[in-house]
Structures are given as structure tokens and as C-alpha cells.
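J.: Sequence and computational prediction follow.
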Amino acid sequence: MRRTRHAQHKPRSRPRPARSESRRVGLAGRLKTHLLRHAQVFFYTLGQLSRRPTSLLMTAAVIGIALALPTGLHVVLKNAQQLSGGWDEASQISLFLQRGTADSQARRLVSQLEEHPRIRRVHYLSPEEALAEFQRLSGFGDALDTLEENPLPAVVVVQPRLQRNDPATTEALLDELREDPRVDLARLDVQWVKRLYAIMDILRQGVYVLASLLALAVLLVVGNTIRLAIQNRRDEIVIIKLIGGTDAFIRRPFLYTGFWYGLFGGIIAWLLVSISLWILNGPVQKLAALYQNSFTLTGLNTQTTVGLLISGILLGLVGSWIAVGRHLRDIEPG
Amino acid sequence: MIRFTATSKRYPGGYEALSNVNFYIPAGQMAFLTGHSGAGKSTLLKLIALLERPSRGQVFINNQNLARISRRRIPYFRRNIGIIFQDHQLLFDRTVFDNVALPLIIAGQPRGEVDRRVRAALDKVGLLGKEKAYPITLSGGEQQRVGIARAVVNKPPLLLADEPTGNLDPTLSTEIMRIFEDFSQVGVTVLVASHDLALISSLPYRRLTLEQGRLSTDSDPAE
């Protein structure tokens, strides 16, 4: 009986090393097998993780919160930029003309300014119109009636053509307009705009610093989780090394585990930011309404979402790569 | 197949596990390695499987000097050796089939080939039909046979067994030895480390005896 089983086994005559045999399969076949194995490990690790959903969720949540903070700040900053785009309207230059400038002279100035390449819009307010507006808005209507003559000069309101939110060009335009002999006083609250941009610059840098620190935190979290996973599977690693598993083979499931942590962390971060924006949107709209503004918070666009998920995945992969690289060498059979 | 030339192994701390060991086992031979615990049997097997490196002398496997094999190449070298352990070294969270398939998966064999060879190996050790079982549900003898199936599944030219019958009763031990004999018949070189002298004496194979790290006797009943 035993011998007959041998006979069945015998056609291959002599046992051969495995490598020479696998060479016979051909490159395409080997590539296919290789990809198939990757896909298997890919889903196998997902299955392993889903068996312990609480620990997966907790690790992913830590990663998610760490990723959500810079992402949320990024979104807030983007919204602020959008809002300040509206404030550019406020950076208009008021030219108070010399008293006694004739109406025709003023009109000529207006048409000159309209031709100016760096000016978007010009609005002329004659002294009478200025007085009427002042009366209407100030509430001093009756008091002004007692004045014998109109104390207000003609005003030309100039809306500069802004070049990529650069306050410096606006200031240059202001200097140029100030030189005009017909202009008594030119005023621009440029300081305010400058400060705003400076603050936004600081915030943007802050987002980078915060993002780097939290990326480091994600690396450490993933690294530590993978380190524990490696310790838990120490026996398995020893056995695989004993029967000829390469480091790449042993590394693979841990890398895919890191991948999944990163992906789930990214998804949780996306949810956290989206929910926060949704909660904030109501109050923001209420506030905007108080300023006669119809401002709506912009959420995560596709680009940011994809970026968020990819950074999560990359951090997961790099974190597990570092952990596996550090701890794999320590585990040797014997 | 296996050649030791003036091989010594001294562990850090000064303990000399092997001193000046010389022997040669030709391809296809079956041999026993005996001696008391601590005589150096395990160390000798570890040197062959590159789990340890000798302090002096050289080890050749299949005419290949093991000193020339870099750390990176070790996994590929080990694929040509089937190793059987006293404590089986099975993965208890995987089925018998997955345990036996592991060397083939590591070597990147296609699925159909894995299926066919795992069945062939399990058939040879008499465990066909237990593929879906988990090792924990098997008896000690069956677990050992899973270990053997895994060691031979990719048809290595060399089999090493470290106390393969250590925990088994005489009947099971004889059965395991018979499996090794079968492999020897088809040209596999088999080296079995064991201190079960009663069992070894009953079998007509070459016997290398280690005493305190030295090769004391080398007897071959066939000669």
C-alpha cells in the first residue's frame, strides 16, 4: 500500500528544489500569481482587522482625529480666504476733491480714471449727492438743513483692480492718485487689509506646522499598533522564517494592515470635518445674515478629500514600514 | 549532500556546543544523529539550516559553502530544506491545508499547483480528509504528520528532523520513521536527530553519535 503511493509520486523522479520548478511556470504566470497573492493578503488583512472591530475603530479614530484637525483648519482658512475676497470690495479709495472743483472738471477726472488700467470701477458723488447720502444715513437731517452752504466736497470712489489680493499694488495706485492736483485727500484703509493677510499667512503656516506634528503622531500611532501586531504574531513570523519566507513576504500583511488603518483613519477624519462643518454652517449663516451677507461654508471638495485619504494611507504605510523594519530583524528563529 | 569540515560552534559566553566535527552524508542517504541532551544535536541541525553560523570550520550543503550565503539569500536556501520539529511549529489559527500550503505560498506557486501538491503531501502522511481541520483538534501524532507534510510539500532534496518522535508512543514513532524511510527511498537525504536509542537500533541506518560536542562514533550497518 505504502509502496504504491510512492509509485504515484514517482513520475517526477527526483525531488527538486522549489525554485527551479517555479521558474518553469513562466514570467506572466508568476506575475499573475504574485498579484493574486497580493490581492489575497490585501483582503485577508481586512478580514483579520474586521474580526476585532473595536480595536480597529479605536486606532482608526485616533488617526482620524489627528488628520481631522489640520484638515478642518485648512477648510476654515479656505473659507476665510473666500470671505476676505468679499472684503476686497472694502479696499476702495475715496478721493475727496478740492473744494470748488467744477462739476465738469470732476466729470473729466472720472472719465480719465475709468480708462486707468488698474481701476475697476469709478463712482462719482457730487457734493449735493454726498450731502443727501449723509443726511439719509447719519440721521442729522434737520441739523444739516440749517447749514447755509454744503460743507461736503465732491467724492470719487475708486475701486482698484486687485491683482491676486496684493495690497501693495493698491497702495501704489493710492500714491499715484494722491498726486493729482484736483484731489485734496485720498484715503484707503490699506493697513487693515494688510493685517488681515498677515494673519491669514500665519494661520496657513500654522496649519503646516500642525499638520506635520500630527502626521508624526499618526506615524507613531500606526507604528506602535503594528509593533504590537508583530509581537502577537511572533511565533508565526519565526515559522515563516524557518520555512524560507523572505522579509518581503513577512512584511506584506503588516504593510496592508497599515494601509487599512490609514484608509479608515482618513474616512473618519472626513466624517469628522464634514459633520463639524454641517454643525457650524447654521450659526455661520445666521451671523452672515446679520452683516447682510449670504455666506455659506464651503465643505471638503473632491481634491481635499482625495488628498486627505491619500495622506492617511501613506502615513499608514510609512508607519508600518518603519515598525516592521525595526522589529523584523529582532525576531529570528533558533 | 551534507559535509562538515572541522566545524566548531562556540556560543557567546564560551560554551562550546560542537568541536571539530567532520562527516559527510551522501545524497539520498538516511542517517540518525544521536547523543544525550546537550551533546550538540540541535546545534548541528541549526548549522545546516543556517539558524546559526559555525565559529570555526565549514559546512557544505549540496556542494554549497554556507559561509558564502548572505543574510538576504537565507530564505531561498531554506526552501531546499524540509525541517521537522519536535514541537511541530504549526500555526494554530490556520487549517491543516493552510499550514501545509505555506511553503508553496512563500515560494509563489500558482493556486492549482498548491492545491495538488498539498493533497499529495497530506495523502503521503495519511491525513487526506483532514485538510479543513485545525491543528488543535488533532492528536500529537497527527500534528507531527502535518509538520512532515509541510516539510516535504515543496519536495526538498534534504529533510532534517529534530526529535520528531519525542512526544509520541512507540507505535506512532515507528509510523513516523516509516514515513522518513519512504522519502529516503525516493532519493531525499534524511537526517534525524533523536535520543530514542531503542527505536534507532531497530532500524538499519547509519548512526552518528555526538558526545559533548564531539563526534564519538559513526557506525553504518550497511557497511
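T.: Arrived safely, thanks for sending.
J.: use CA for all of it now, contacts and neighbours both
T.: Noted.
J.: In the chain, mark out all the strands, start to finish.
T.: Picking chain A for this. A:93-97, A:119-125, A:155-160, A:183-187 (DSSP state E).
J.: Actually, chain B is the one I wanted.
T.: B:2-10, B:16-25, B:30-34, B:56-61, B:64-65, B:81-84, B:158-162, B:189-193, B:206-211, B:214-219.
J.: need the contact list for the residue in the stretch 101-250 of chain A positioned nearest to chain B.
T.: Nearest residue of the stretch 101-250 of chain A to chain B (Cα to the nearest Cα) works out as residue A:244 at 3.9 Å. By Cα atoms under 8 Å, 6 or more residues apart in numbering or on different chains, the contact list for residue A:244 reads B:74, B:75, B:76, B:77, B:78, B:79, B:103, B:106.
J.: excluding its backbone neighbours, what's nearest the third one?
T.: In this case it means residue B:76. residue A:244 (5.9 Å; Cα to Cα, 6 or more residues apart in numbering or on different chains).
J.: Look at residue B:43 and report its pLDDT.
T.: In this model, residue B:43 is scored at 91, pLDDT.
J.: burial measure for it, as a count.
T.: 20 (other Cα atoms under 10 Å in any protein chain shown).
J.: Compute the distance between it and residue B:79, please.
T.: Applying Cα to Cα, to the nearest Å, the value for residue B:43 to residue B:79 is 19 Å.
J.: which helix in chain B runs the most residues?
T.: Looking across chain B with DSSP state H, the single longest helix is helix B:170-185.
J.: Return the angle between stretch directions for it and strand B:189-193.
T.: 150 degrees (axes from the mean of the first three to the mean of the last three Cα atoms, to 10 degrees).
J.: by contact count, what packs against helix B:170-185?
T.: Packed against helix B:170-185 by the contact rule (3 or more Cα pairs under 8 Å, 6 or more residues apart in numbering or on different chains; DSSP states H and E) you find strand B:189-193, helix B:197-201.
J.: tell me which residues in it are buried?
T.: B:172, B:173, B:174, B:176, B:177, B:179, B:180, B:181, B:182, B:183, B:184 (16 or more other Cα atoms under 10 Å in any protein chain shown).
J.: and of these, the nearest to chain A?
T.: The closest of those, once distances to chain A are taken by Cα to the nearest Cα, is residue B:182, at 7.6 Å.
J.: Point out the residues in the stretch 101-250 of chain A that sit beside chain B.
T.: A:236, A:239, A:240, A:241, A:242, A:243, A:244, A:245, A:246, A:249 (Cα under 8 Å from any Cα of the partner chain).
J.: Reformat those residues into CSV and put pLDDT next to each item.
T.: Converted to CSV, those look like this (pLDDT from 0 to 100):
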residue, pLDDT
A:236, 89
A:239, 92
A:240, 92
A:241, 92
A:242, 91
A:243, 90
A:244, 90
A:245, 90
A:246, 90
A:249, 91
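J.: Could you list which of the residues you listed belong to helices?
T.: Short answer: those in helices (DSSP H) are A:236, A:239, A:240, A:241, A:242, A:249.
J.: Out of these, who's the most crowded?
T.: residue A:242 (25 neighbours).
J.: Would you agree that residue is in contact with residue A:333?
T.: Yes. Counting by Cα atoms under 8 Å, residue A:242 does reach residue A:333; the two are 6.6 Å apart.
J.: coming back round to it: the helices and strands packed on helix B:170-185: which one's closest to chain A?
T.: Short answer: strand B:189-193, nearest of the helices and strands packed on helix B:170-185 by Cα to the nearest Cα, at 10.2 Å.
J.: starting at the chain centroid, how far to that closest one?
T.: Centroid separation between strand B:189-193 and its chain, computed with Cα atoms, centre = their mean, to the nearest Å, is 6 Å.
J.: Which residues does it contact?
T.: So strand B:189-193 is contacted by B:1, B:26-34, B:41-42, B:157-164, B:180, B:183-184 (Cα under 8 Å, 6+ apart).
J.: just to revisit the earlier point, adding neighbour count, write the contacts of residue A:244 out as CSV.
T.: Supplementary listing: those in CSV, determined by neighbours: other Cα atoms under 10 Å in any protein chain shown:
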residue, neighbour count
B:74, 19
B:75, 22
B:76, 19
B:77, 20
B:78, 21
B:79, 28
B:103, 25
B:106, 20
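J.: hmm, which two among these are most spread apart?
T.: Greatest spacing in the contacts of residue A:244, by Cα to Cα: B:74 and B:103 (14.4 Å).
J.: Would you mind listing what in chain B touches chain A?
T.: So chain B meets chain A at B:46, B:51-52, B:72, B:74-83, B:89-91, B:102-103, B:106-111, B:120, B:124, B:151, B:154-157, B:182, B:186-188 (Cα under 8 Å from any Cα).
J.: how many neighbours does residue A:252 have?
T.: With other Cα under 10 Å as criterion, residue A:252 counts 17.
J.: and residue B:39, how many neighbours does it have?
T.: 19.
J.: From residue A:133, how far out is the residue of the stretch 101-250 of chain A closest to chain B?
T.: 89 Å.
J.: Which single residue of chain B approaches chain A most closely?
T.: Closest point on chain B to chain A, by Cα to the nearest Cα, is residue B:75, at 3.9 Å.
J.: That residue and residue A:240 touch, don't they?
T.: No. The criterion here is Cα under 8 Å, and residue B:75 misses it with residue A:240 at 9.3 Å.
J.: gap between the most centrally placed residue in chain B and residue B:60?
T.: When chain B is reduced to its mean C-alpha position, the nearest residue by Cα atoms, centre = their mean turns out to be residue B:160, at 1.5 Å. Separation of residue B:160 from residue B:60 (Cα to Cα) stands at 15 Å.
J.: try residue B:2
T.: 6 Å.
J.: Likewise for residue A:321?
T.: From residue A:321 over to residue B:60 (counting by Cα to Cα), the distance is 35 Å.
J.: Just want to know which of these two has more residues nearby.
T.: residue A:321 (21 against 17).
J.: What residues does the more buried one make contact with?
T.: A:223, A:251, A:254, A:255.
J.: Map the structural domains onto the sequence of chain A.
T.: A:37-85+A:196-328, A:92-188 (automatic domain parsing).
J.: Which of those comes out lowest on mean pLDDT?
T.: For those, where the average pLDDT is lowest is domain A:92-188, sitting at a mean of 79.
J.: what about it, how long is it end to end?
T.: 6 Å.
J.: Make sure residue A:274 is actually in contact with residue A:301.
T.: No. Counting by Cα under 8 Å, residue A:274 does not reach residue A:301; the two are 10.5 Å apart.
J.: Looking at the two, which has the bigger crowd around it?
T.: Neighbours were counted for residue A:274 and for residue A:301 using other Cα under 10 Å; residue A:274 has more, 16 against 10.
J.: circling back to that earlier point, would a markdown table of the strands of chain A with mean neighbour count be doable?
T.: Shown next, in a markdown table, are these (neighbours: other Cα under 10 Å):
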| stretch | mean neighbour count |
| --- | --- |
| strand A:93-97 | 22 |
| strand A:119-125 | 16 |
| strand A:155-160 | 22 |
| strand A:183-187 | 17 |
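J.: In TSV, list those along with distance to residue A:30.
T.: Listed next are the strands of chain A as TSV, based on distance: least, Cα to Cα, whole Å:
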stretch	distance to residue A:30
strand A:93-97	72
strand A:119-125	66
strand A:155-160	67
strand A:183-187	76
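J.: circling back: which ones among the contacts of residue A:244 map onto helices?
T.: Per DSSP H, the contacts of residue A:244 map to helices at B:74, B:75, B:76, B:77, B:78, B:103, B:106.
J.: Could you dump those residues into a markdown table and include pLDDT?
T.: Shown next, in a markdown table, are the ones in helices among the contacts of residue A:244 (pLDDT from 0 to 100):
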| residue | pLDDT |
| --- | --- |
| B:74 | 92 |
| B:75 | 93 |
| B:76 | 93 |
| B:77 | 94 |
| B:78 | 93 |
| B:103 | 94 |
| B:106 | 90 |
